[in-house]
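In: Next comes the sequence, and after it the predicted model I'd like to discuss.
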Amino acid sequence: MNLPLYAQLINLFAALLLLLAFAMLTQRRILSLIRLFALQGFVLMLSTGVVAYSTHQSHLYYSVLLTLVLKVLLLPWILHRLIDALNVRWDVETLIDIPATMLIGIVLVIFAFNLAAPISEIAGTITRSTLGIATASILLSFLMMITRRKAVSQVIGFLAMENGLFFAATSATYGMPLVVELGIALDVLVGTFIFGVFFFHIRETFESLDIHHLEKLKEH
Amino acid sequence: MKQASGIVFQVLQSVLVVLIAPLVLGWVNQCRAWLQNRSGPGIWQPYKVLNKLFHKDAVLAHNASPLFRSTPYILFGCMWLAVGIVPVLATSLPFAPAADVIALVGLFALARVFASLAGMDIGTSFGTLGARREMMIGFLAEPAMLMTLFTASLISQSTSLVTIVETLAHREFVIYPSMAFAAVAFLMVLLAENARIPIDNPATHLELTMIHEAMILEYSARHLALIEWAASLKLTAYITIGIAIFVPWGIAQAGDWVALLVALGVLVAKLALAGAGLALLETVSAKMRIFRAPEFLGTAFLLATLGMLIHFLLEQ
Amino acid sequence: MDLSLFRPVEAAVTLSVIWLGLGAVGLALTRAPRVITDWAFPAGAAVALALAFTGLWAMNAAPSTAVLPAGLPDLPFHVRVDALSGFFLLLLGGVSFGISLFSAGYFRGAEAGAPGLLCLQYHVFLASMGFVLIADDAYLFMVAWESMALSSYFLVTAEHHDERNRKAGFIYLLVAHLGAISILLSFGVLHGGLGDYTFDALRRAELSAFWATIAFVLAFLGFGAKAGMLPLHVWLPEAHPAAPSPVSALMSGVMLKTAIYGMVRVIYDLIGGIRWEWGLTVLLFGAATSLFGVLFALMQHDLKRLLAYHSVENIGIILIGIGLSMVFLGSGHPVAAALALIAGLYHTLNHAVFKGLLFLGAGAILRATGLRNLNEMGGLIRYLPHTALYFLIGALAISALPPLNGFVSEWLTFQASLQAPLLESSVVRSLVPIVAAVLALSGALTGMCFVKVYGVAFLGQHRHELPEKPREASRWERAGMLWLAAACLALGLLPVFMIAQLNNVSQALIKAGLPDEAMASGWLWLVPTSSAQASYSPIVFLLVIAAVFALTYFVVRQIYHGRLRRADPWDCGFPAQTSRMEDTADGFGQPIRQIFAPVYLIRREIPRPEDPHPVFKQEVEDRHWAWMYSPIARLAEWLSGHVGRLQQGRISVYLLYSFLTLIALLMFVR
């Protein structure tokens, strides 16, 4: 275990990212979810900054700025406005209880690590072991989307998934081309706006944001 | 000669820690008082309380059994052994090989079982309430603590506390994410096992909100004094275990008296900081509902297990 | 008689035959029950002690074999005593010594049917277990295995006037037979078509990887059914409580261990070539079994059923140790495999001792008060002080608390699991910490369960008015419990001795043992690999605690005083304190019921508000009946209903069946 300091820092940030993904799985309050999401963006920003500094890839500094503006400031602000307008504070109990969710989460982590192990061998960066963590946080965010009942938490899960993807890219290939990154960032922003519009429509139709109402939208 | 100085050292360390344990508790209470804008009872208050209790006549219920009467001494003995094993001032003490981290957890479990049995001995509802709640906290706290200590053992490839401390103290500074997880889990277990807010309020007078206090409601005088002393010893033991594993720098080898004095100074500083930190944590948190406590500890357990997993997956 | 020819195998055979003889004597003397309880059972105890010494001798001697002049003309019985069977003979002899002593006192009460029949069944049970352990060919093994099942069936249904006991016996026999068929099939696969069923031949037979795995699966399921592994454990909580207490002790303590012996013998010795996938299977089944067992034990209020579920849990822990050993062996780390195997075998011995002790304690309580339901007990420490002390030692031992024996084997299992970084496969490497976490969890839950048991049964106040004052156990019963409690202490305080013996067993089985430094650390310190890595000294533990106890006691009295007075307990200003205000056993387990609710199948009967006599009933049931056993039973009934159509009732049809079979045989067997 003689990694240089910056690699250890990236490992630490990876572990923090995983911790935050788990924490989001267990949170019931939507305000805390948004705060955790902002924190995840912050950790991501720090990690990209360390990668940028140590590998002297200056285009990654633009990524850092983009992450800060978008994920730490703009998106949480939009989400806050959204939940204020929709008057949503708490999430109804999750579909499966929290201890079971955490157990499934641990199984997913083991699965993700074993999945990523052969790919990590091929990657040329020094932080390749974090690929498993990135895959794991993607899967955990997906799980969060599945087990929630209120639509807003599902959006946050979607955004957290994108965080995981971004981290995977940074750790395995030292960042994507800037054009791709800008494209993804714009997609995410637009996606959030569209979600917001949908939520208002859902609430008008069903008088609630509980997704089980959407089950009425079928033939029989 | 080395043997003899080692044994002298061992006895000195044990006696020293046993004597200053109430002071640690007093310091934590005093910090809490200052943070809550009160003037507080002074850091020597626990000693005065112990003295008062020893002077009193012991009052026992009519149906108290020999187990009830011997439990305070057993608890005190267990905690004395615990502080004798943890490398507080120096490593390579003669008794240290008698127990490793697993045996240490087992020792705390032994103390918990006897305390719970004593709580059930008289047969009042408060005693059994306390025993039931204590075991409910304990059944998750003990595995969480064990997993935390295993993470440290996996890094130093040994379960002997001496080896763990020596490896972590003398290695160059490396950030271990698994230790970060383990540290959070350890802190949560420390709060739970020592009956601190947010699990239990050590200053409560309402029986229905008690966990630890309800078990010892029937004790008085010297028995209660020994139990209170054992509780402060337990807190000190937990803090020193945390210091030994997570911030071990400054510890000395037995026999090197200069390094020992330095180690003593460092230890006092660390204990003071830890006590103040504990008081701060207690002041900003609120006590949880009783059935949130298993969730709290379940999180600690899962964090600790996750830390172990991360060690296997990231740090091999 | 040339004494140099007297080897462990002759001793073992002789002693087992003496047991059979004692059984016959018991049957002959049915009219003189006092003679049976005062002479036959103590004689059986003496034989047991001799068998224990034989086992110890065998662990340090070379393997010895013999051919007995019994059995069929072309198929004589082969017997063999080597280090592994020696260890289990030690277990059988040592534990049944204490149990036989207890029985000498217990069966005087003669509620459990005629003591003559009991003596016969009991000693046949013991003798057949002895023969299982020394059998060297599949034929004797199966004969002894079946007679073990049959004699224990009769013992379980000894009080056959109670319908529940009959049903319990039926389930027991059913699962035992299913297991026996599986074991028989496994032997069939192993012998590879050579026609020779001696274990030597089975060892030498070469099997392809596919057939070896089939043999492993059959043996694992067959022995697992007898051991009480998930999901074939359903007979255990029914059968063990139904039997008289000494028999429950024997079944839980010794019979389950013969299944472990069978597993180790067949998998390590006869199949050989262990693969790590097999080990992973054993490991996962073991972890699931241990957690399941303890969670259900916490919900019981019948003392013997609770102890039976704990047996399920401890079998799980043993399987964790053996599974770890198989994983290490299959991945090429024999020293770590030796450590894990020793941990598993040590736990086998420990469980036999403390579970036997606990069941005997339950028997003493039953004899003294007639109570088996924890919710009706309380305050027994005042009337049964000796039983309370021995039960406390058993409870502390099973909760894996230092310095007793349960802690030593759990410690060793944890040390073995911490060798996981040696493994290459990352899947297994990540699963081992999860298994260690499950083990830690079940250990902590066991502690909670035994605080409940001991606190509710012995401490507090009586919950139920007893018709007469309970009498302490008789001398024989106390002697039996004292022996087992002393064994708990000895195995806990001086583990190095037994570990050195187990090292011989490990050397014989897998050709690897603990490293030399481990064995050279002396009797005071237990060091499994190296002293820098881990060490433990239970004697220092005990001495320090005892010294501090004594020191504090005297110093406090010197400096202050030792005055004492008695008063009423604290009642919080509420004067009408009754025993109904203490926790019942169910009340103590309520937090677990709430936290782990999805695991249980809870049926509640909640009274309506207008009920004149409201009653709240709650039953916790095992989901396996609904998932596995009921569907299989329904399927079997449906199938047999269809097959039953063959029974037409007309003679001409039956003659037609014979005719058709004859034609078919003539056509195909030319």
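Out: Yep, it's here.

In: Return the distance of C:Ser506 relative to C:Ala239.
Out: From C:Ser506 across to C:Ala239, the span is 33 Å (C-beta to C-beta, to the nearest Å). Any C-beta I mention is one placed from the backbone N, CA and C, and that applies to glycine too.

In: So which of those two has more stuff around it?
Out: A direct count of neighbours by other C-beta atoms under 10 Å in any protein chain shown for C:Ser506 and C:Ala239 places C:Ala239 higher, at 30 against 26.

In: Assign C:Tyr261 to helix, strand or coil.
Out: helix (DSSP: H, G, I helix; E, B strand; the rest coil).

In: do A:Leu70 as well
Out: Going by three-state DSSP: A:Leu70 is helix.

In: Now do the contacts for it.
Out: By C-beta atoms under 8 Å, 6 or more residues apart in numbering or on different chains, A:Leu70 lies in contact with A:41, A:185, A:188-189.

In: which ones are touching whichever residue of chain A sits closest to chain C?
Out: Ranked by C-beta to the nearest C-beta, the top residue of chain A for proximity to chain C is A:Ile110, at 4.8 Å. A:Ile110 is in contact with B:309, C:427, C:430-431, counting by C-beta under 8 Å, 6+ apart.

In: Mind telling me what element it is part of?
Out: A:Ile110 is part of helix A:98-122 when elements are defined by DSSP states H and E.

In: Next: B:Val59.
Out: strand B:58-61.

In: One more: C:Ala490?
Out: helix C:475-493.

In: Which strands and helices lie in contact with that helix?
Out: In terms of contacts (3 or more C-beta pairs under 8 Å, 6 or more residues apart in numbering or on different chains; DSSP states H and E), helix C:475-493 is packed against helix C:83-106, helix C:334-369, helix C:385-398, helix C:405-417, helix C:538-559.

In: Of the ones you listed, which is nearest C:Pro8?
Out: Among the helices and strands packed on helix C:475-493, helix C:83-106 comes nearest to C:Pro8, with 6.6 Å by C-beta to C-beta.

In: List just the nearest of the contacts of A:Leu70 to C:Gly562.
Out: Looking across the contacts of A:Leu70 and measuring by C-beta to C-beta, the closest to C:Gly562 is A:Gly41, at 65.9 Å.

In: got the contact list for the closest one?
Out: Applying C-beta under 8 Å, 6+ apart, the residues near A:Gly41 are A:67-68, A:70-72, A:75-76, A:163.

In: how does it look with 10 Å?
Out: A:20, A:67-76, A:159-160, A:163, A:166 (C-beta atoms under 10 Å, 6 or more residues apart in numbering or on different chains).

In: Mind pulling up the pLDDT for it?
Out: Per-residue pLDDT puts A:Gly41 at 91.

In: next one: the one 4 residues further on
Out: As summarised for this prediction, A:Met45 has a pLDDT of 89.

In: surely B:Lys234 meets B:Asn194?
Out: Yes: B:Lys234 lies in contact with B:Asn194 (C-beta atoms under 10 Å); the separation is 6.1 Å.

In: Look up the closest residue to A:Arg35, ignoring the ones flanking it.
Out: Nearest residue to A:Arg35, sequence neighbours excluded (C-beta to C-beta, 6 or more residues apart in numbering or on different chains): A:Pro76, at 7.7 Å.

In: And the one you found, how far from A:Val69?
Out: According to C-beta to C-beta, A:Pro76 and A:Val69 sit 11 Å apart.

In: more neighbours, these two?
Out: A:Pro76 (19 against 14).

In: So the more buried one sits against A:Ser32, correct?
Out: No: if you go by C-beta under 10 Å, A:Pro76 and A:Ser32 don't touch, sitting 11.9 Å apart.
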